[in-house]
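Novice: okay, sequence plus prediction incoming.
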Amino acid sequence: PDDVAACVAATMRHLRGEDPMMVSRHRARAADGQYRWVLLRGKVIDRGPDGRARRAVGVITDMSATLAQQAATEDALSRLRKLSRQAPGVLYQFRLHPSGQMSFPFASDNFEDFFGVPLAEVQDDVLKLIERVHDADRPGLIASILLAGREVQPWVYEFRFVRPDGAVRWVLGQSTPELEDDGCVLFHGFLTDTTERKHMEAELGRLEEARRAREAAEAANRAKTLFLSHMSHELRTPLNAVLGFAQLLRDDASLALPAAKRVWVEHIHAAGQHLLEMITDLLDLTRIEAGALLVRRERVGLDHIVGDCLSMLQPQAEAAGVRLHPPAASGLQALGDPQRLRQVLLNLVGNAIKYNRRGGEVWLHLTSRAPGRIEVQVRDTGPGIAPDRLGELFTPFN
């Protein structure tokens, strides 16, 4: 009943000569009582003198199966488009013609968002899209497509694509081909944006390279530290012999060395002692780098440590014409390593003497600052360190 009016109207238009054919698609009830879609196509073949239609012929075709198939196809396409919109890449069909022409029979709706190019502009001529592939990747891309089409084998290729806005994106394409009756090869595939993965791989590569470089540097540093440690030990043995014999020459009264030669011996002993101190410093440095320097933690009387240091340095101060001012007795104690503390004080006070001026002075102060902290201060009348060289402080052997 819903289709009667349209069917009658189509029929009357043709009978009046308004339409060249009588065409109506409508539902008709069959003998089993079920409605079926039919297509009615007819034409008047005889008219009376007054032009009225007297006879018509035509065909009625059962369209139910065809329309059901069309509906199923449209439903499947609709589902496919919905699914493809959710995919992170582009679903496509790509046809390679025997002539070399390339086209996209189908591409998902996100094609333009992916490439920045409307599908309509390149659908019938894919080479327009390939022109935007990075110059370094374009020849390989075309060769891979032609090879896959010739061999009818799966295609996988990764390339850079330059979008209209200038952005360069990495794209991974993969598809499966099938040979058609007309000689064309139809590819069904998927395109994925792999730019972030590429950046991550590059970053991981840089991190791995940095890790290898760091490990190599650490290995070289350990080898250097081990070498210096062994060499320091080896140098001390002959040097101690030199110092021992120089001391014998200096102190043996039976030799009756002239004053000039005694000065030579003093120079040998002083230079050897200086070299021994440097080797000791070097050995300590290598132990620190190797994590093998032992530092004790015990209660230390600071007055005793300072007194020892000043006693050892008094001859050096007298020779340099520098006066030492010891601190007042403080009774202070600290937790630390007496050997390392003594070493630090000897270096500080020794430098205060060495780089002072004749007639200069050196003071030591012990002060209890905040609870649990003691300040040891060495002050002298020397020229000090030039401001532009303060950055060289605390560098080994400087």
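Specialist: Alright, I've got the coordinates.

Novice: mind listing the strands for this protein?
Specialist: 22-29, 35-47, 53-62, 90-96, 102-107, 155-162, 168-179, 185-193, 298-301, 323-325, 333-336, 361-368, 374-380 (DSSP state E).

Novice: report the buried residues of the third one.
Specialist: Within strand 53-62, the residues scored as buried using 16 or more other C-beta atoms under 10 Å are Ala53. Just so you know, the C-beta spots here come from the backbone N, C-alpha and C atoms, and that holds for glycine as well.

Novice: what's the answer for the second one, then?
Specialist: Of the residues in strand 35-47, Trp37, Val38, Leu40, Gly42, Val44 count as buried by neighbour count, 16+ other C-beta under 10 Å.

Novice: so what are the sheet partners of it and their directions?
Specialist: Applying DSSP bridges, strand 35-47 is found paired with strand 22-29 (antiparallel), strand 53-62 (antiparallel).

Novice: among the strands of the chain, which is the most enclosed?
Specialist: Mean neighbour count (mean count of other C-beta atoms under 10 Å) peaks for strand 90-96 among the strands of the chain, with a mean of 21.

Novice: output it as PDB, restricted to C-alpha atoms.
Specialist: Output of strand 90-96 as PDB, limited to C-alpha atoms (Å, rounded to 0.1, in the frame of the first residue of the first chain):
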ATOM      1  CA  VAL A  90      45.100   4.500   6.500                       C
ATOM      2  CA  LEU A  91      43.400   1.400   5.000                       C
ATOM      3  CA  TYR A  92      43.600   1.400   1.300                       C
ATOM      4  CA  GLN A  93      43.300  -0.400  -2.000                       C
ATOM      5  CA  PHE A  94      46.000   0.400  -4.500                       C
ATOM      6  CA  ARG A  95      45.800  -0.700  -8.200                       C
ATOM      7  CA  LEU A  96      48.900  -1.000 -10.400                       C
END
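
Novice: sheet partners, orientation included, of that strand?
Specialist: strand 102-107 (antiparallel), strand 185-193 (antiparallel).

Novice: in TSV: those strands, plus distance to Trp264 and mean pLDDT.
Specialist: Output for the strands paired with strand 90-96, formatted as TSV (distance: least, C-beta to C-beta, whole Å; pLDDT from 0 to 100):
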stretch	distance to Trp264	mean pLDDT
strand 102-107	95	91
strand 185-193	82	92
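
Novice: of these, which is nearest Leu96?
Specialist: Leu96 lies closest to strand 185-193 among the strands paired with strand 90-96, at 4.6 Å (C-beta to C-beta).

Novice: now do that closest one: distance to the chain's middle.
Specialist: Distance, stretch centre to chain centre, for strand 185-193: 30 Å (C-alpha atoms, centre = their mean, to the nearest Å).

Novice: which other residues reach it?
Specialist: Residues from elsewhere that reach strand 185-193 (C-beta atoms under 8 Å, 6 or more residues apart in numbering): 87-96, 105, 114, 148-149, 152, 155, 169-180.

Novice: if we can go back for a sec, now the strands paired with strand 35-47 as TSV including mean pLDDT?
Specialist: Below are the strands paired with strand 35-47 laid out as TSV (pLDDT from 0 to 100):
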stretch	mean pLDDT
strand 22-29	93
strand 53-62	92
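
Novice: can you list those strands in TSV and add distance to Leu310?
Specialist: As requested, those are arranged in TSV below (distance: least, C-beta to C-beta, whole Å):
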stretch	distance to Leu310
strand 22-29	119
strand 53-62	122
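
Novice: isn't Val322 right up against Tyr355?
Specialist: No - in this structure, Val322 is not within contact of Tyr355 by C-beta atoms under 8 Å, at 10.1 Å.
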